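Peer 1: Sequence and computational prediction follow.
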Amino acid sequence: MDIPLSVLDRSLRRKGQDPADALRRTVRFAQEVEGYGFRRFWVSEHHSVPGVAGSAPTVLAAAVAAATSRIRVGTGGVMLPNHRPLVVAEQFGVLGSLFPGRIDMGLGRSLGFTDGIRRALGHGDADAGDFGTALAELLRWFEGAQPAYPGVHAVPAEGLRVPAYVLAIDGGADIAAAHGLPLVIGAGRRPEKLLRAVGRYREAFTPSAQQGAPYVVVAVAAAVADTAEQAADLLLPEAWATVWSRTRGEFPPLTAAEEIRARTLTEREARYLDEARQSQVSGTGDQVAAALGDLVARSGADELLVSLHTPDEDARLESFRRLVELKTAAPAAG
């Protein structure tokens with residue numbers, strides 16, 4: 001597992017917590033893990049989700065970058081169908097100008113959780129098909145070449161180098177390969193799906209000015225603790241929130257593990273919980289090192305993007321501290 005480790009924070013709320021507290025928690029968490037030696041700290045974009053406070057990733061990324069000094073800061077990601085490419089370029093141009101050499105532009109194509117959210121964002125399902133076109137336009141704004149908009153410039157993005165990353169959502173692997181960009185892909189509960197997407201990406205990769213060779217970032221939820229049971233409990237709240245969203249249509253704030261264990265689950269809830277936990281990695285240091293090492297070996301990952309959302313902030317920090325101790329720092333090409 002001698003590869004860079006990075007952090008994804010989705011600003012998940014704890015039960016009874018105000019959204020503002022969750023956002024401040026994200027900033028404090030970034031300050032803490034910066035000292036552990038992680039390469040990147042990324043935030044995400046979600047709309048109208050009760051359990052997620054992070055709805056404006058570039059704004060939150062600015063707060064994180066201002067509160068830190070070394071760690072790279074980015075988005076995992078900005079959902080490009082929700083925004084005009086010019087506006088995205090301008091936002092990252094501002095970030096790149098204020099924090100030179102520290103900003104990553106992670107981009108995805110998710111349209112929103114429900115029909116109502118998609119309508120509120122001003123588009124329908126068909127808009128996702130324009131992702132590749134929108135991505136190409138966004139990249140050209142940084143180059144300054146926009147034949148469709150003569151005389152228009154993305155200030156202050158034009159001429160800046162803000163590395164772009166593509167999330168592997170609905171064909172994202174193929175789009176990343178075609179544009180010669182790094183790929184960010186979730187480990188998922190079906191290893192064969194991950195391996196197929198990564199293999200397709202590497203085979204079709206076309207070198208670009210940003211990236212001369214394929215670069216794969218595998219995102220995974222992972223927890224390290226004194227015992228396997230304690231580590232599994234750290235990941236239980238987010239897994240249960242996923243179950244709740246699948247059975248009730250709403251991703252809720254995180255509930256403490258002991259409350260979840262006290263519930264009598266329906267057969268359907270138990271099945272969904274088992275599925276949600278299949279993609280998680282948890283255990284003692286040795287167990288997690290072996291599991292992540294196997295994931296890296298199978299996928300050929302160049303970097304791991306780790307997430308852990310749990311109500312116990314101290315245990316969360318301790319897990320990330322232990323995680324980074326499991327590997328030897330290595331320089332990254334991404």
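Peer 2: Okay, I see it. Numbers count the residues shown, from 1 in each chain.

Peer 1: Check the burial of the closest residue to residue 76 other than its chain neighbours by counting its neighbours.
Peer 2: Once flanking residues are discounted, residue 76 sits nearest to residue 42: 3.7 Å by CB to CB, 6 or more residues apart in numbering. C-beta: built from backbone N, CA, C; applies to glycine. Applying other CB atoms under 10 Å, we find 27 residues neighbouring residue 42.

Peer 1: for the stretch 201-334 of the chain, what spans make up the strands?
Peer 2: 216-224, 281-283, 303-307 (DSSP state E, counting those that start in this stretch).

Peer 1: Distance from the chain centre to the second one, please.
Peer 2: Centroid separation for strand 281-283 versus its chain: 19 Å, with CA atoms, centre = their mean, to the nearest Å.

Peer 1: likewise the first one?
Peer 2: Averaging C-alpha coordinates over strand 216-224 and over its chain gives two centres that are 10 Å apart (CA atoms, centre = their mean).

Peer 1: quick revisit: what secondary structure does the residue nearest to residue 76 sit in?
Peer 2: strand (DSSP: H, G, I helix; E, B strand; the rest coil).

Peer 1: so what's it scoring on pLDDT?
Peer 2: Looking at residue 42, its pLDDT stands at 98.

Peer 1: before we move on, back to that, of all the strands of the stretch 201-334 of the chain, which lies closest to residue 156?
Peer 2: strand 216-224 (26.9 Å; CB to CB).

Peer 1: List the pairing partners of the closest one within its sheet, with orientation.
Peer 2: Here strand 216-224 is paired, per DSSP bridges, with strand 183-186 (parallel), strand 281-283 (parallel), strand 303-307 (parallel).

Peer 1: Distance to residue 8 for those strands - can I get that in CSV?
Peer 2: Output for those, formatted as CSV (distance: least, CB to CB, whole Å):
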stretch, distance to residue 8
strand 183-186, 9
strand 281-283, 14
strand 303-307, 4
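
Peer 1: Quick check: which helices or strands does the lowest-mean-pLDDT helix or strand in the chain pack against?
Peer 2: One helix or strand of the chain scores below all others by mean pLDDT, DSSP states H and E: helix 115-120, with a mean of 82. In terms of contacts (3 or more CB pairs under 8 Å, 6 or more residues apart in numbering; DSSP states H and E), helix 115-120 is packed against no helix or strand at all.

Peer 1: Perfect, that will be all.
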